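1. Requesting a structural model of the entry that follows:
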Amino acid sequence: MLRSLQRAFFSRAMKKPEVLFILGGPGAGKGTICSKIVDKYGYVHLSAGDLLREERAKPDSQYGELIEGHIKSGTIVPVEITCSLLDRAMQESESPHNKFLIDGFPRNEDNLQGWTKTMSDKTDVKGVLFFECSEEVCTQRCLNRGAKGSGRSDDNAEVLKKRHETYISGTMPIVEHYKKLGLVYSFDGEKSPNAVFADVQKALKELGW
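-> Predicted coordinates:
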């Protein structure tokens, strides 16, 4: 038993982490579907936003105030910070699968270049799961989430408008970039979570996940 565990550990250590980027507008259902994937397959869900919020909450964080300013204004945190948090989270993970869902990243060209510069040699990006959803539906979902006490300072109408504009101008070109590489799997994010997840499972099977 011990030897089999040791072999699994060394095998994981030798192999690059496999990554799927999870993209879509704020409220498109990325987190919900990632939770379903984690429950069924045991892969690791890393939300760039959650990692930033966790870092912001640490009393001794040198980045806390900077991160809070960007979150409140609906703008994007410097890529060096986000990549360092993602890298640390992957290194600290004890998952035997070595497969990661990176949710809400890369969000713009700067994110993509930063990832390519610091992480491309460390990871194997297998594709992008892209959830399409109208601004109206996304906004209503986020407002409902805020009304239920999400605790997120960006779940309000004014910031959501800015976030969606940032998504259209910054993230959609990234989706198009990966589409040209044949790496994008698109889903109708306005369908029910179970229906979307059924479609996602077909894509994961195609990916060999």
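
2. Next secondary structure after the top strand by length along the chain?
-> The longest strand of the chain (DSSP state E) is strand 124-132. Moving toward the C-terminus from strand 124-132, the next helix or strand (DSSP states H and E) is helix 135-147.

3. what's that following helix packed up against?
-> When contacts are defined as 3 or more CB pairs under 8 Å, 6 or more residues apart in numbering; DSSP states H and E, helix 135-147 packs onto helix 157-166. C-beta here means a position set from N, CA and C on the backbone, and glycine is covered the same way.

4. on that earlier part again, CA atoms only for the longest strand of the chain - export them in CSV, please.
-> Only the C-alpha atoms of strand 124-132 are listed here, as CSV (Å, rounded to 0.1, in the frame of the first residue of the first chain):
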residue,chain,number,x,y,z
ASP,A,124,-0.4,21.8,-19.6
VAL,A,125,-3.4,23.8,-20.7
LYS,A,126,-5.9,21.3,-22.2
GLY,A,127,-8.6,23.7,-23.2
VAL,A,128,-11.2,26.3,-22.2
LEU,A,129,-14.8,25.7,-21.0
PHE,A,130,-16.7,28.8,-22.1
PHE,A,131,-20.1,29.6,-20.7
GLU,A,132,-22.2,31.9,-22.8
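
5. I'd like the mean pLDDT over it, please.
-> Averaging pLDDT along strand 124-132 gives 97.
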